[in-house]
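1. fold the following.
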Amino acid sequence: MNHMPIKRMVKPELSRELIHSYLEYLEIRIRFLLDRFQKYQDFPGVHTGYDSITGEDFPEQYIFPYSWINGRGVCVFTRFADFFPEYSERLNAYALQVISSMEKHWELNNHHFPFMTNLDGTEKDMGVKPPPGFKSYSDLYACAGFIEYGARRKDEKRLEMAKEIFMETIQALDQRKFVTEPDPTPKDYILENPWSVAVDLANEFAKHLEDEKYLDIAARFITYLLDHYYIDDLGAYIEYITPDGEPFMDEKGRYIVDPGHAIEFCSFCLEFARLAAKVKRFSSLCGRINKIAPTLIHWNIEHGWNKSYPGIFKTIDAKSFVPLNDTMPWWILPETLLATLLAFENCKDEAFLQHYMDSHNTYFTTYMNTKTQFGPYQNIGGKTGKPVDIIPACKFQDPEFHSGKNILTVTEVYKRINDVH
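-> Modelled structure (predicted):
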């Protein structure tokens, strides 16, 4: 049995010891995922079909490949392979097997990645199927896997496929041909998150390919999101707008905020501002980001934080700050770790180190499950502070895309801040 190497922070500052403990923790998670790969070698994708509370595998009738999980897994395994040489051969083998399955799924389903496939790769009927020419989150997360694998493994074929998937998906976003599977796409409001995820992908393309056209795409989407989803009078970044581009108000007169989505959007904006800092045509947008993003991160932590049982609520009312969905998903806290450190890097305000410490202590004491080798519980109940069996978008567990990938990125930001080489 592994021991948890990460300790509580007792003062708001990052140290070499803390960063080293993060890397030790990630090794535990890598071994856990590789053990599952070994156990389910014939599964056509990432097999994280287990209960985040009990640690027990789901019954066979629930075990099918998810494109979200496959794309995220390839992205994580490929990136981890470059940072953990002891495991690189096995991680790369895992990534290659999964990306090969994804290519089959893409070919079988008219160049679209289904939310879920049957074991033969054909689309599994989930009640929501994108019409021809429409795209979905599955395409965005598949793209994350292909860009990471193509660029890091210098695989031109997969890199070209990443470009194709990305351009087709942002075209679908521009044309409002995007399906928010697995749930029916609402007709009276438009979710901000697909554009936000596309910003993250554009940043990754810009870093890997050193091509400013991807910064142009990121800039266009950031501008669109700030113009339509950020309400300056409230200081809030809301989750929905109407089809006419106005802030969406629900039947009770509330603007809905998803603090996790708002916080990760701020991360994507701050990363863009860092990448684009020396490009003159982006100076105005970078200035806008530098003004809004740190304040917005603080706003969402301050008003989204559960004072009774530490964690961040899924959704709140932008005016009253009352929680509308009081579950506290695991993924928000590792996103907050990265966002607060990027904000500190950006403006050197030490208040963000306090936010960082609070998020670190909550995540690594409340969400860690020894039954899954310190994998996180998917959800904590806001009224009880206990794990709750509520499935987010996918029944399968996230393969360290939100948690491990962000923790690894935190170690890189730490090196930048402290000029560690």
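2. surely Phe248 and Ile238 touch.
-> Yes. Under the criterion of CB atoms under 8 Å, Phe248 makes contact with Ile238 at 7.2 Å. No exception for glycine: its C-beta is placed from N, CA and C like everyone else's.
3. higher neighbour count, the two?
-> Neighbours around Phe248 and Ile238, counted as other CB atoms under 10 Å, are more numerous at Ile238. The numbers are 23 against 20.
4. contact partners for the more buried one?
-> With contact set as CB atoms under 8 Å, 6 or more residues apart in numbering, Ile238 has these partners: 192, 229-231, 247-248, 255-257, 318.
5. again with Tyr50
-> Counting by CB under 8 Å, 6+ apart, Tyr50 makes contact with 56-58, 372, 397.
6. quick one: the helix of greatest length in the chain to chain centroid distance?
-> Using DSSP state H, we find that the single longest helix of the chain is helix 16-39. Distance of helix 16-39 from the chain centroid (CA atoms, centre = their mean, to the nearest Å) equals 19 Å.
7. before we move on, what about stretch 283-297?
-> Between the centre of stretch 283-297 and the centre of its chain there are 21 Å (CA atoms, centre = their mean).
8. now do stretch 96-113
-> 21 Å.
9. list the buried residues of it.
-> Using 16 or more other CB atoms under 10 Å as the test for burial, stretch 96-113 gives 96-99, 101-103, 105-106, 108-109, 112-113.
10. redo the residues you listed as CSV? Include secondary structure.
-> Output for these, formatted as CSV (DSSP: H, G, I helix; E, B strand; the rest coil):
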residue, secondary structure
Leu96, helix
Gln97, helix
Val98, helix
Ile99, helix
Ser101, helix
Met102, helix
Glu103, helix
His105, helix
Trp106, helix
Leu108, helix
Asn109, coil
His112, coil
Phe113, coil
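11. point out the least confident one among those residues.
-> Among the buried residues of stretch 96-113, His112 carries the lowest pLDDT, at 87.
12. ok, now which ones touch the closest residue to Leu23 other than its chain neighbours?
-> Nearest residue to Leu23, sequence neighbours excluded (CB to CB, 6 or more residues apart in numbering): Thr411, at 6.5 Å. Shown in contact with Thr411 (CB under 8 Å, 6+ apart): 19, 22-23.
13. switch to 10 Å and redo it
-> 14, 18-20, 22-23, 26, 83, 341, 420 (CB atoms under 10 Å, 6 or more residues apart in numbering).
14. from Ala144, how far out is the closest residue to Gly127 other than its chain neighbours?
-> Spatial nearest neighbour of Gly127, chain neighbours left out: Pro182 (7.3 Å); criterion: CB to CB, 6+ apart. Counting by CB to CB, to the nearest Å, the gap from Pro182 to Ala144 is 19 Å.
15. got it, and Cys394?
-> Cys394 sits at a distance of 15 Å from Ala144 (criterion: CB to CB).
16. quick check on those two: which one has the bigger neighbour count.
-> Ala144 (26 against 19).
17. the spatially closest residue to Asp258 that is not a sequence neighbour: neighbour count?
-> Among residues not flanking Asp258 along the chain, Glu239 sits closest, at 4.6 Å (CB to CB, 6+ apart). Close neighbours of Glu239, defined as other CB under 10 Å, add up to 22.
18. could you do the one 10 residues further on as well?
-> Counted with other CB under 10 Å, the burial measure for Met249 works out to 15 neighbours.
19. how about Asp139?
-> Neighbours of Asp139 using other CB under 10 Å come to 25.
20. find the residue closest to it in space, skipping its chain neighbours.
-> Thr169 (4.7 Å).
21. that neighbour touches Ile147, doesn't it?
-> No. The pair Thr169 / Ile147 is not scored as a contact, 11.9 Å apart, by CB atoms under 10 Å.
22. returning to that earlier point: between Phe248 and Ile238, what contacts are shared?
-> By CB under 10 Å, 6+ apart, the residues touching both Phe248 and Ile238 are 189, 229, 254-256.
23. that's a helix at the residue nearest to Gly127, yeah?
-> No. Looking at Pro182 with three-state DSSP, it is coil, so not inside a helix.
24. could you shift the numbering so residue one becomes 540, and keep it that way?
-> Taking 540 as the first residue, the last one we looked at is Pro721.
25. which ones are touching Cys808?
-> By CB under 10 Å, 6+ apart, the residues touching Cys808 are 735, 738, 742, 757, 761, 764-765, 824-825, 827-829, 831-832, 835-836, 878, 881, 885.
26. hmm, back to that, got a winner among the shared contacts of Phe787 and Ile777 for most neighbours?
-> Tyr768 (26 neighbours).
27. any idea how far Ala812 is from that one?
-> Distance of Tyr768 to Ala812, given as CB to CB: 18 Å.
28. with Ile855 instead?
-> Between Ile855 and Ala812 the distance is 26 Å, computed by CB to CB.
29. swap in Trp869?
-> Distance of Trp869 to Ala812, computed by CB to CB: 27 Å.
30. quick one: which of the two has more around it?
-> Between Trp869 and Ala812, counted using other CB under 10 Å, the more crowded position is Trp869 (27 against 20).
31. helices of the stretch 790-939 of the chain, start to end?
-> 798-814, 822-843, 871-886, 890-905 (DSSP state H, counting those that start in this stretch).
32. would JSON lines of the ones you listed with mean pLDDT be doable?
-> What follows is the helices of the stretch 790-939 of the chain, written out as JSON lines (pLDDT from 0 to 100):
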{"stretch": "helix 798-814", "mean pLDDT": "98"}
{"stretch": "helix 822-843", "mean pLDDT": "98"}
{"stretch": "helix 871-886", "mean pLDDT": "98"}
{"stretch": "helix 890-905", "mean pLDDT": "98"}
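33. could those helices go into TSV alongside distance to Lys746?
-> Shown next, in TSV, are the helices of the stretch 790-939 of the chain (distance: least, CB to CB, whole Å):
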stretch	distance to Lys746
helix 798-814	7
helix 822-843	16
helix 871-886	14
helix 890-905	23
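34. so which of these comes closest to Lys546?
-> helix 890-905 (8.2 Å; CB to CB).
35. buried residues of the closest one, list them for me.
-> 890-892, 894-903, 905.
36. go on, stretch 847-864?
-> Residues 848-857, 862-863 are the ones in stretch 847-864 that count as buried (16+ other CB under 10 Å).
37. what distance separates the start and the end of that stretch?
-> 15 Å (CA to CA, to the nearest Å).
38. what does stretch 743-758 give?
-> 13 Å.
39. contacts for it, please.
-> Under the criterion CB under 10 Å, 6+ apart, residues 614, 682-683, 686-687, 689-691, 698, 701-702, 705-706, 709, 737-742, 807-808, 810-811, 814-815, 818, 820-821, 823-825, 828 lie in contact with stretch 743-758.
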